[in-house]
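# just to be clear, the model below is a prediction. Sequence and coordinates:
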Amino acid sequence: QVQLVESGGGLVQTGGSLRLSCAASGGTFSTYSIIWFRQGPGKERRFVAGISKSGARTYYADSVKGRFTISRDNAENTVYLQMNSLEPEDTAVYYCAGDVLVVTMPSAVDYWGKGTLVTVSS
């Protein structure tokens, strides 16, 4: 059973960048697809980006396409989410999640981290 821990959140101004990390332990990391979700104030948790087990395939929500990049380092058991051109609408708690496949519905995910807060000031 994999455990996931997010880091890298913080306060940034509009147009700035942050890199989130999702560190995994307790399982065979390369057997999990990893997905980032986010939940803004008063909003539902939503899919942001996902990456396949090998890293060969990546998926993005339309709202972040071209601004966010997901990548993984299986030797380091870590997935990254590089976030550029941040906007106030990106303010949310960001969660990484693990599953066999990249899924976009939070209810379908097996394993979750506790989240890291990203705040984008205008």
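Sure thing, it's come through.
# wait, doesn't residue 30 sit right on residue 76?
No - contact criterion Cβ atoms under 8 Å: residue 30 and residue 76 do not qualify, at 11.4 Å. All C-beta atoms are positioned from the backbone trio N, CA, C, and that covers glycine.
# residue nearest the centroid of the protein?
Taking Cα atoms, centre = their mean, the centroid of the chain lies closest to residue 36, which sits 2.6 Å from it.
# wouldn't that residue be in contact with residue 45 here?
No - in this structure, residue 36 is not within contact of residue 45 by Cβ under 8 Å, at 10.8 Å.
# quick one, what contacts residue 68?
Residues counted as contacts of residue 68 (Cβ atoms under 8 Å, 6 or more residues apart in numbering) are 48-49, 60, 81-84.
# quick one: low-confidence parts of the chain?
Nowhere does the chain drop to pLDDT under 70.
# show me the strands in it, by range?
Here the chain has its strands, by DSSP state E, at 3-7, 10-13, 18-25, 33-39, 46-51, 58-60, 68-73, 78-83, 92-99, 111-112, 116-121.
# if you compare the ones you listed, which one is most tucked away?
Mean neighbour count (mean count of other Cβ atoms under 10 Å) peaks for strand 33-39 among the strands of the chain, with a mean of 24.
# tell me the angle of that one relative to strand 18-25?
On the basis of axes from the mean of the first three to the mean of the last three Cα atoms, to 10 degrees, strand 33-39 is oriented at 130 degrees to strand 18-25.
# give me the residues contacting strand 33-39.
Residues outside strand 33-39 that contact it (Cβ under 8 Å, 6+ apart) are 4, 20, 22, 24, 45-53, 70, 72, 79, 81, 90, 92-104, 106, 109, 115, 118.
# quick one, that strand and strand 92-99 angle?
If you take the same axes, to 10 degrees, strand 33-39 sits at 150 degrees to strand 92-99.
# how about strand 33-39 as CSV, C-alpha atoms only?
Output in CSV follows, covering the C-alpha atoms of strand 33-39 (Å, rounded to 0.1, in the frame of the first residue of the first chain):
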residue,chain,number,x,y,z
SER,A,33,-0.2,6.1,-12.1
ILE,A,34,-0.2,9.4,-10.2
ILE,A,35,-2.8,12.1,-10.4
TRP,A,36,-3.0,15.6,-9.1
PHE,A,37,-6.3,16.9,-8.0
ARG,A,38,-7.2,20.3,-6.4
GLN,A,39,-10.0,21.6,-4.3
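# nice, that's everything, thank you.
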